[in-house]
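K.L.:
Take a look and give me a structure for this.
(chains A and B)
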Amino acid sequence: MNYFLSEELNDIREVCAEIAEKYIIPVRAELDEENRFPSEIIKVMAESDLCGIYIPEAYGGSAEMFGGGSMALCVATEELSRACGGVAVSFAANALGAMPILISGSEEQKQKYLPDLASGVKLAAFALTEPEAGSDAGGVKTKAIRDGDSYVLNGTKQWITNGGEAQIYTVIAQTDPSRGARGLSAFIVEEGTPGFSYGKKEDKMGIRASATRELIFEDCRVPAENLIAREGFGFIVAMKTLDRSRPGVAAQAVGIAQGAMDEAARYASERIQFGKRIDSFQAVQFMLADMATQIEAARALVYSTARMIDAGEKKFEKESAMAKVFASDTAMRVTTDAVQILGGYGYMKEYPVEKMMRDAKITQIYEGTNQIQRSVIASAVIKETASGSRK
Amino acid sequence: MRIVVAVKQVPDTSEVRIDEERGTLIREGVPSILNPFDEYALEEAMRWRDELGGSVTVVTMGPPQAEAVLREAVSMGADDALLLSDRAFAGADTWATSHTLARAVVKMGDVDVVMTGKQAIDGDTAQTGPGIAASLDWPQITFVGRVRELTQDSITAERYVEGGCEVIRSSLPVVITVLKDANTPRLPSLRGKMKARKMEIPVWGMHDLGLSPDEVGLDGSPTRVVRIMTPETSACGEIHRGEPGELAKLIADYLLGKEGE
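P.N.:
As a prediction, this is how the structure comes out:
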C-alpha cells in the first residue's frame, strides 16, 4: 500500500534496507545463536545518521526533518525488524531510554544527554521492570532516598533491554514508598556511577541479538540534578514514555511479520510438490492472502498512530495500545503461519522463519502485555462512553 | 587535500545479456549502478579527506542520467559533484574519455590526487585511470590495494600485482586506481541522501572544457568496437559416477597421465 511517505521517510527506509541487506541478514543467525549484541551494526546505524531521527535538531538530532520523529522511528524499526527483530530492538530501545528525558527532562538534561544519543556515541536504556513489578508499575521496590545534594539508589531492575550496553539509563525508583505509584520518581543514571553494576545477562527465547540484563544499585549515589521532572512524577513519566514507545514495538512486530511473509511467499513460489509450485494450492494461497491483509492492516494502524503523535495530539494511549496489540498478535500469527508454509524446513534453524516466530513472541509481552493493553483500550472505551464523546 | 574521484555509471553486469544478432549489450530494463570498483576509490578518498581535511569531488562523463551515480556518491559522503555531458562526447573510447576527464581536472585546478576504480565492470579495460594520468602527464599508481600514507606532497601505496606487492612512493599530484582490497565502502547516510537530493550539479560540455570536436567522442577516439559477442564455450569435461575410492583413483591416474593403463 502506498502511504505517501515523505522523501525523507523514504530515505530512512532505504538506509535501513541497505544496512539490513549488507550488515544484518548475513549475521542474524549467528547473533541469535551466540546471544551476541550487534555493536558493529549499531555503529553503522550511527554513521548512517539513524540514531538521531527521533531527537530534535536543537539536541543534535533530525526529528523535524521527518515531521516529528515518531513515524521516523516506526519506519526505521519496521525496516530493520524485517531482517532481525533483535537488532531492531537494540536500536529502538535507545529511543525508549531517551524518551523520559525528551518528554520530561529539563533543558540542562536535554543538552547534556541527548546529543551523544543522537550521534550514537552513547546508547540508552529504560529501567522500570523489577522481579515484583512488571505490569504493576506501582510495585517498584527500588528506593531512591534523598541525601543532601544527591539521591541514594538501592534495588534491582530486571530484563532491561540494552542493559550492560547502554551508557545512559533512565531509572524509575521509589522516593516515597507510602504513596505507591504516586511515590515513584525518574532518574538518569550513568554507567560507571559507583554502586551501579550489571547482574545476570538473560538467555532468551527470541530477540537474542539484544542485550537483556539486570541492573543492580547498591548505595548508588546520583546527583539530585539527575531527577527527571519532580519527585512523585515517575509513574506519569513512565506511562507517557510507554505510550510513545508502543508504536515502536508495533512497528517491530509489523517488520517481523513482513519478513516472515516475504520468506514464506518466496518459498511457496519455489517449492514443488505434486508437480506444482505450492503457491498454486489454494490452501497456501489463502494463508498468504490472510498474512498480507493482516500485515497491511497492522501497518496502517501503526502509521496512523505515529502520525497522530507527530501531529501533536495529546491523547493517544488508546491508539498506541491498539497498534501494539493488533500488530504483535498479527506478528505471532503470521510468523506461525510462515513456519507452517515452510513445513519441516520452517522448523529448522537453517531457515530464518523459526527465529522470526521466536522473535515475534516478545512483542505480545514487553512494554506492557497485550492483556494490559486491552485493559487500557477498554478503559478508554468505557470513559468515552460515560462522557458521551464520539470517537 | 583536494581529491577528485572519477566514477562511471555502468549497467549491473550481473543482469546484462548480449544481443547475439546485433552484437550489442541489451541494456533495456537493466538497472544502472555506480561502478563497484569506483566505490572503493570513493571510500579511499573520503577516508583520507576525513583524516587530512579538504574535499572530495566526484566527476563522471556520461549522458544526463549519469547524474544519478554522482548523487549516489554524494549520499555516501562526497562533497561536490561534476557532470561532463555533451552530445559530442558520445561514442568516446578510453582515450577520448580520459582526455576529457583530464581536461576537467585541469579546469578544476589545485587537484592533488585523482582516484578511480581499477576498472569499470562493463568495459573491463582498466585504461581510463592510466589514460587520465598520461593525459595530465602525472605519475600513476595502478591496482592499489592499500594506501599506506598520504601527505601534502607525497603518497605511498601498495600495488598488488600478480605474485607480489610493489610499494611505490610518488610525489603529488598523482593518479591512482583502487582495488577492492583497499577498504569497505560506507553506506549512504541520511544527511548524505538529503544533501544529494538538493545539490545542484554543474554540467560541463565540450566548450566549457576548451576541447574541439576532433578530441572528444567518436571522432576523438582512435579505437573502434568492431563486434561484441559471447565467446563460444566448449564443454570438454567428463562426468564419472561411482564409489569415492574408484573416482579418486580415476582422478589420480588422470593427473598422472596414466588414464587407460
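K.L.:
Spell out which residues of the stretch 51-200 of chain A are next to chain B.
P.N.:
A:53, A:62, A:65 (C-beta under 8 Å from any C-beta of the partner chain). C-beta here means a position set from N, CA and C on the backbone, and glycine is covered the same way.
K.L.:
hang on, the second one packs against A:Ser48?
P.N.:
Pointing back at A:Ser62 there. No. Between A:Ser62 and A:Ser48 there is no contact under C-beta atoms under 8 Å: 11.7 Å.
K.L.:
Could you tell me which residues touch both of these two?
P.N.:
B:Leu190 (C-beta atoms under 8 Å, 6 or more residues apart in numbering or on different chains).
K.L.:
model confidence over stretch A:124-137, on average?
P.N.:
Computed over stretch A:124-137, the mean pLDDT rounds to 91.
K.L.:
try stretch B:103-113
P.N.:
95.
K.L.:
just stretch B:184-204 next, same as before
P.N.:
Throughout stretch B:184-204, pLDDT has a mean value of 95.
K.L.:
Tell me the secondary structure at residue 82.
P.N.:
No chain in the question, so chain A it is. helix (DSSP: H, G, I helix; E, B strand; the rest coil).
K.L.:
not quite, I wanted chain B
P.N.:
When classified by three-state DSSP, B:Leu82 comes out as strand.
K.L.:
Please give me every residue in contact with it.
P.N.:
B:Leu82 neighbours (C-beta under 8 Å, 6+ apart): B:57-60, B:70, B:104, B:108, B:201-202, B:204.
K.L.:
again, but for B:Val178
P.N.:
Per C-beta under 8 Å, 6+ apart, neighbours of B:Val178: B:37, B:40-41, B:44, B:115-118, B:144.
K.L.:
So which of these belong to strands?
P.N.:
B:115-117, B:144 (DSSP state E).
K.L.:
Just confirm A:Asn154 is within a strand.
P.N.:
Yes. A:Asn154: assigned to a strand according to three-state DSSP.
K.L.:
Can you name the residues bridging to the nearest residue to it once chain neighbours are set aside?
P.N.:
Excluding its sequence neighbours, the residue lying closest to A:Asn154 (C-beta to C-beta, 6 or more residues apart in numbering or on different chains) is A:Lys143, at 5.2 Å. Beta-bridge partners of A:Lys143, counted by DSSP bridges, are A:Asn154, A:Gln174.
K.L.:
Surely A:Lys143 touches A:Leu153?
P.N.:
Yes. With contact defined as C-beta under 8 Å, A:Lys143 reaches A:Leu153; the gap is 7.0 Å.
K.L.:
Compare neighbour counts for these two and give me the winner.
P.N.:
A:Leu153 (26 against 17; other C-beta atoms under 10 Å in any protein chain shown).
K.L.:
just the strands in the chain please.
P.N.:
I'll assume chain A. A:124-127, A:143-147, A:150-161, A:168-174, A:184-190, A:196-201, A:212-223, A:227-228, A:272-273, A:276-277.
K.L.:
my bad, the chain I had in mind was chain B
P.N.:
Under DSSP E, chain B gives strands at B:2-6, B:9-11, B:17-19, B:24-26, B:32-34, B:55-61, B:80-84, B:113-117, B:140-150, B:154-161, B:164-171, B:174-178, B:203-204.
K.L.:
and chain B, which of its residues are near chain A?
P.N.:
Residues of chain B found near chain A (C-beta under 8 Å from any C-beta) are B:186-194, B:197.
K.L.:
Could you list which of those belong to helices?
P.N.:
Assigned to helices by DSSP state H, the following of these qualify: B:190-194, B:197.
K.L.:
just for the chain, where's the confidence low?
P.N.:
The chain I'm using is chain A. Across chain A, the ranges flagged by pLDDT under 70 are A:391.
K.L.:
hmm, I had chain B in mind actually
P.N.:
In chain B (pLDDT under 70), the answer is B:22-24, B:258-261.
K.L.:
In it, which residue sits nearest chain A?
P.N.:
Residue nearest to chain A within chain B (C-beta to the nearest C-beta): B:Leu190, separated by 3.9 Å.
K.L.:
phi, psi of whatever residue of the stretch 1-150 of chain A ends up closest to chain B?
P.N.:
Using C-beta to the nearest C-beta, the single residue of the stretch 1-150 of chain A nearest to chain B is A:Asp49, 3.9 Å away. Main-chain dihedrals, A:Asp49, degrees, to the nearest 10: phi 70, psi 20.
K.L.:
In the record's domain split, what are the boundaries for chain A?
P.N.:
Residue ranges for the domains of chain A, per automatic domain parsing: A:7-122, A:125-232, A:235-386.
K.L.:
can you give me the end-to-end distance of the shortest one?
P.N.:
Counting by C-alpha to C-alpha, to the nearest Å, you get 21 Å between the two ends of domain A:125-232.
K.L.:
Look up the closest residue to A:Arg285, ignoring the ones flanking it.
P.N.:
One correction, residue A:285 is Gln, not Arg. Nearest residue to A:Gln285 in three dimensions, chain neighbours excluded: A:Asp279, at 6.4 Å (C-beta to C-beta, 6+ apart).
K.L.:
what would the strands of chain A look like in a markdown table with distance to B:Ala252?
P.N.:
Formatted as a markdown table, the strands of chain A follow (distance: least, C-beta to C-beta, whole Å):
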| stretch | distance to B:Ala252 |
| --- | --- |
| strand A:124-127 | 62 |
| strand A:143-147 | 77 |
| strand A:150-161 | 58 |
| strand A:168-174 | 65 |
| strand A:184-190 | 67 |
| strand A:196-201 | 53 |
| strand A:212-223 | 56 |
| strand A:227-228 | 76 |
| strand A:272-273 | 39 |
| strand A:276-277 | 44 |
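K.L.:
Of all those strands, which one is nearest B:Ala6?
P.N.:
The closest of these to B:Ala6 is strand A:124-127. By C-beta to C-beta, the value is 42.9 Å.
K.L.:
Provide the contact partners of the closest one at residue level.
P.N.:
Residues contacting strand A:124-127 (C-beta under 8 Å, 6+ apart): A:93-100, A:113, A:117, A:157, A:160-163, A:165-172, A:215, A:241, A:245.
K.L.:
and if we set it to 7 Å?
P.N.:
A:93-94, A:96-100, A:117, A:157, A:160-163, A:166, A:168-172, A:215, A:241 (C-beta atoms under 7 Å, 6 or more residues apart in numbering or on different chains).
K.L.:
The residue nearest to A:Asp116 when sequence neighbours are not counted: neighbour count?
P.N.:
Of all residues not flanking A:Asp116 in the chain, A:Lys122 sits nearest, at 4.2 Å (C-beta to C-beta, 6+ apart). For A:Lys122, the number of neighbouring residues by other C-beta under 10 Å comes to 21.
K.L.:
ok, A:Lys122 touching A:Gln167?
P.N.:
Yes. A:Lys122 is in contact with A:Gln167 according to C-beta atoms under 7 Å; the separation is 4.2 Å.
K.L.:
For the stretch 1-150 of chain A, which segments count as helices?
P.N.:
A:7-19, A:28-34, A:39-47, A:70-83, A:85-104, A:107-119 (DSSP state H, counting those that start in this stretch).
K.L.:
and the fourth one, C-alpha only, in PDB?
P.N.:
By that I understand helix A:70-83. Output of helix A:70-83 as PDB, limited to C-alpha atoms (Å, rounded to 0.1, in the frame of the first residue of the first chain):
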ATOM      1  CA  SER A  70       7.500   9.000  15.800                       C
ATOM      2  CA  MET A  71       6.900   8.000  12.200                       C
ATOM      3  CA  ALA A  72      10.700   8.100  11.600                       C
ATOM      4  CA  LEU A  73      11.300   5.700  14.400                       C
ATOM      5  CA  CYS A  74       8.500   3.400  13.300                       C
ATOM      6  CA  VAL A  75       9.700   3.300   9.700                       C
ATOM      7  CA  ALA A  76      13.300   2.600  10.800                       C
ATOM      8  CA  THR A  77      12.300  -0.100  13.400                       C
ATOM      9  CA  GLU A  78       9.900  -1.800  10.900                       C
ATOM     10  CA  GLU A  79      12.500  -2.000   8.200                       C
ATOM     11  CA  LEU A  80      15.300  -3.200  10.500                       C
ATOM     12  CA  SER A  81      12.900  -5.800  12.100                       C
ATOM     13  CA  ARG A  82      12.100  -7.200   8.700                       C
ATOM     14  CA  ALA A  83      15.700  -8.500   8.800                       C
END
